[in-house]
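> Structure of the sequence below:
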Amino acid sequence: MRIKIVAVNALIVFIVSVLSFLLVRSALATATSNKDQLAADAQNDVNGAAARLQLDGLRAERWLASAALEGATIDALTKATQEARGDAATKRCDDLVSRMKNAPLFERNVPTLVALVDPAGHIVGRNNSNLTRGDDLAGVYAGLKATLASGQSGSDIWYERDRYLASYVAVRDEQGKTIGGLVIGRPLNDTLSRVSEGAAGRALVVAVPKGDGFEVVAHSAQQLATLDEGVQGVAKDALKNALTHQQTDVVRDGDLLVAASPLAAFENGRRGLLVAAAPASVIADPTGVLFLPVLGAFAIGLLLVIVAGWQLGSYITTPINMLEEGLLAILNGQTDKRFELDHAELGGLAFRIDQLLNQLMGVEEDTTDDEGRVSKVSQNPSTFSESLDVEEKKAGAPVPEGMDAAAIDRLAAEPANQYYGRIYREYVAAKRAVGESTDHISEAAFSARIRNMEDDAAQKYGRSVRYQVHARNKEVVLLAVPLP
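Now for the predicted structure:
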């Protein structure tokens, strides 16, 4: 019984858990895979990262413009000899690097290139090295050449030789004449990592045209090989469209959304793109997210089913086993065995079994309630019918009609064996007189039952009683007679 209850309920819990898993997974997949919303989010992410990258360049230009006005910068470019200019420029660049280490603008992204160039764009001196003096930067980077020619500051992504986010300003003398330029370069990978941390935390790359496709020239610290593959494969057309029309474009590449934004604020903005990767679903695999919680709920439910099923099974099987054992004892000859079972569901059945046993064995059942009122049970006419009529009062049982003190004294003085034999014979005779069968009523069982009834009545009334047989309204009843 217990195993069946547990198995059925466990199957129900399993079915409910599986259905819940499937329904919630379907709902999550739908809610987290909204293509339009995810594409808009990816577009906003890459636009924010591109704006931050370009803002870093502009802020660096303002910082450099202030440094370019300082006397030490102008003095380094106006020394009398080339060697003196070179040494002064190197010292000035080293001093600027020291200042930049403490500047919030360059936190965790201090320039590794700081150089002073002459009006033609050749390096006069740079930080930490004398080896690059005379190198033609303007010949390599058109943006720097334009700044020296126009006097306007600028920023650019340098990737032709070194990978920098470069910013530069013109240096003028007291008469306003351009006497050179101040250039800084921050490692492009480090700059992208800082931008990624400050934006949406997406993997970022800088892509530039190369042949019929694009080349990735810088990565953020968070790298995705699939993003590089997308830039050179599925996303290539979207990148071309973004570069041509100078607008942000988004394309799906497998489990990623590849978003590209032009860097219009830079000198080569029409040639470079900032590309970001965003997941094509907020939750890549709803199955993995839901599996453990649903499994945990199933395990708890199964445990509760086992405990509750075991308790319920015990609640049902314990009284059933008691009834089975009692009936077996009766079959083995223990005819006075009865069931006193206090059970909400099976207590009534046990009571009916006791009644049936009493009828089959010819034993009267005490059917009075706590106030002494008789409760009569419908009988099967094919067997016999009887009821026990006992009137109970606090002062004791009333004397039956027709009995005086002398009759009661004779009843009390009658020997027990004679009394039980007589009352049995009178009872059987009365039953036969009303047409009921008495073949199944044995004297031993009848006498045992009368003794039990007398004991119960004695406890009720506080005095000994004996019974008298009376026939009324075609029914045979036993009346309790209190003894003096």
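> centroid residue for this protein?
The chain has P293 as the residue nearest its centroid, 4.5 Å off, counting by CA atoms, centre = their mean.
> Apart from its chain neighbours, what residue comes closest to D354?
In space, and not counting its chain neighbours, D354 is closest to R338: 5.0 Å by CB to CB, 6 or more residues apart in numbering. C-beta here means a position set from N, CA and C on the backbone, and glycine is covered the same way.
> show me the residues around that neighbour that make contact.
For R338, the contact set (CB atoms under 8 Å, 6 or more residues apart in numbering) comprises G326, D354, L357.
> Quick check: which element contains the residue nearest to the centre of the chain?
Using DSSP states H and E, P293 falls within helix 286-331.
> Let me know the average pLDDT across that helix.
Helix 286-331 carries an average pLDDT of 84.
> Kindly report the same for stretch 172-183.
93.
> contact partners of that stretch?
Residues from elsewhere that reach stretch 172-183 (CB under 8 Å, 6+ apart): 64, 67-68, 73-74, 77-78, 113-119, 121, 124, 137, 144, 147-148, 151, 166-171.
> what's the distance between that stretch and the middle of its chain?
Stretch 172-183 sits 66 Å away from the centroid of its parent chain (CA atoms, centre = their mean, to the nearest Å).
> For that stretch, list every residue counted as buried.
R172, T178, I179, G180, G181, L182, V183 (16 or more other CB atoms under 10 Å).
> what's the most distant pair in those?
Within the buried residues of stretch 172-183, R172 and V183 form the most distant pair, 15.3 Å apart (CB to CB).
> Hmm, V217 is touching V208, no?
Yes - using CB atoms under 8 Å, V217 makes contact with V208 at a distance of 5.7 Å.
> what touches both of these two?
The contact sets of V217 and V208 overlap at I157, Y159 (CB under 8 Å, 6+ apart).
> quick revisit: how about the next helix or strand after the helix holding P293: buried residues?
Remark: after helix 286-331, the chain's next helix or strand is helix 347-360, criterion DSSP H and E. Neighbour-count burial for helix 347-360, counted by 16+ other CB under 10 Å, picks out A350, I353, D354, L357, N358, Q359.
> hmm, which two among those are most spread apart?
A350 and Q359, at 15.2 Å, using CB to CB across the buried residues of helix 347-360.
> Just the ones of the contacts of stretch 172-183 in helices?
L64, A67, A68, T73, I74, L77, L137, L144, T147, L148 (DSSP state H).
> Just list the residues touching the second one, thanks.
The one in question is A67. T73, L96, L182.
> follow-up on the earlier one: distance check, the residue nearest to the centre of the chain against F21.
9 Å (CB to CB, to the nearest Å).
> Would you confirm that N47 contacts V250?
No - N47 is beyond contact range of V250, at 10.6 Å (criterion: CB under 8 Å).
> Which of these two has more residues huddled nearby?
Using other CB atoms under 10 Å as the criterion, N47 and V250 rank with V250 on top: 23 against 16.
> Please name the strands paired to the stretch of helix or strand that one belongs to in the sheet, noting orientation.
If you go by DSSP H and E, V250 is part of strand 249-253. Strand pairing for strand 249-253, determined by DSSP bridges: strand 256-262 (antiparallel).
> any idea of the mean pLDDT for the strand it pairs with?
Confidence over strand 256-262 (mean pLDDT, whole number) is 86.
> partners of the helix or strand that comes right after it in the sheet?
Under the assignment DSSP H and E, the closest C-terminal helix or strand after strand 256-262 is strand 273-279. Here strand 273-279 has these sheet partners by DSSP bridges: strand 203-210 (antiparallel), strand 256-262 (antiparallel).
> Which of those sits closest to Q468?
Nearest to Q468, of the strands paired with strand 273-279 and by CB to CB, is strand 256-262 at 101.7 Å.
> Give me the distance between that closest one and the centre of its chain.
On the basis of CA atoms, centre = their mean, strand 256-262 sits 34 Å off its chain's mean C-alpha point.
> I'd say A207 and L263 touch.
No - look at A207 against L263 with CB under 8 Å: they stay out of range, at 10.5 Å.
> re earlier: let me know the closest of the buried residues of helix 347-360 to F446.
The closest of these, once distances to F446 are taken by CB to CB, is N358, at 10.5 Å.
> Was I right to think the closest one contacts R449?
Yes - when contacts are counted by CB under 8 Å, N358 is listed as touching R449 (7.4 Å).
> So the chain: which segments form each domain?
2-27+286-331, 50-188, 191-279, 361-482 (automatic domain parsing).
> With distance to L346 as added columns, please give those domains in a markdown table.
As requested, the domains of the chain are exported to a markdown table (distance: least, CB to CB, whole Å):
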| stretch | distance to L346 |
| --- | --- |
| domain 2-27+286-331 | 5 |
| domain 50-188 | 77 |
| domain 191-279 | 61 |
| domain 361-482 | 19 |
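> among these, which is nearest D36?
Closest to D36 of the domains of the chain, according to CB to CB: domain 191-279, at 10.4 Å.
> so how far does the closest one reach from one end to the other?
End-to-end distance for domain 191-279, by CA to CA, to the nearest Å: 23 Å.
> which residues does the nearest residue to R163 once chain neighbours are set aside contact?
In this structure, R163 finds its nearest non-sequential neighbour in L188, 4.3 Å apart by CB to CB, 6+ apart. Residues near L188 by CB under 8 Å, 6+ apart: I157, W158, Y159, R163, Y164, L165, V206, V217, A218.
> list the helices and strands the strand or helix carrying the last one packs on?
It refers to A218. Using DSSP H and E, A218 sits within strand 213-219. Packing partners of strand 213-219 (3 or more CB pairs under 8 Å, 6 or more residues apart in numbering; DSSP states H and E): helix 188-198, strand 203-210, helix 225-232, helix 236-245.
> Relative to G313, which of the ones you listed is closest?
Nearest of these to G313, taken as CB to CB: helix 225-232 at 56.1 Å.
> thinking again about what came up before, could you say which one of the helices and strands packed on strand 213-219 comes nearest to L256?
When the helices and strands packed on strand 213-219 are compared by CB to CB, helix 225-232 sits nearest L256, at 5.9 Å.
> Which of the domains of the chain sits closest to A39?
domain 191-279 (4.8 Å).
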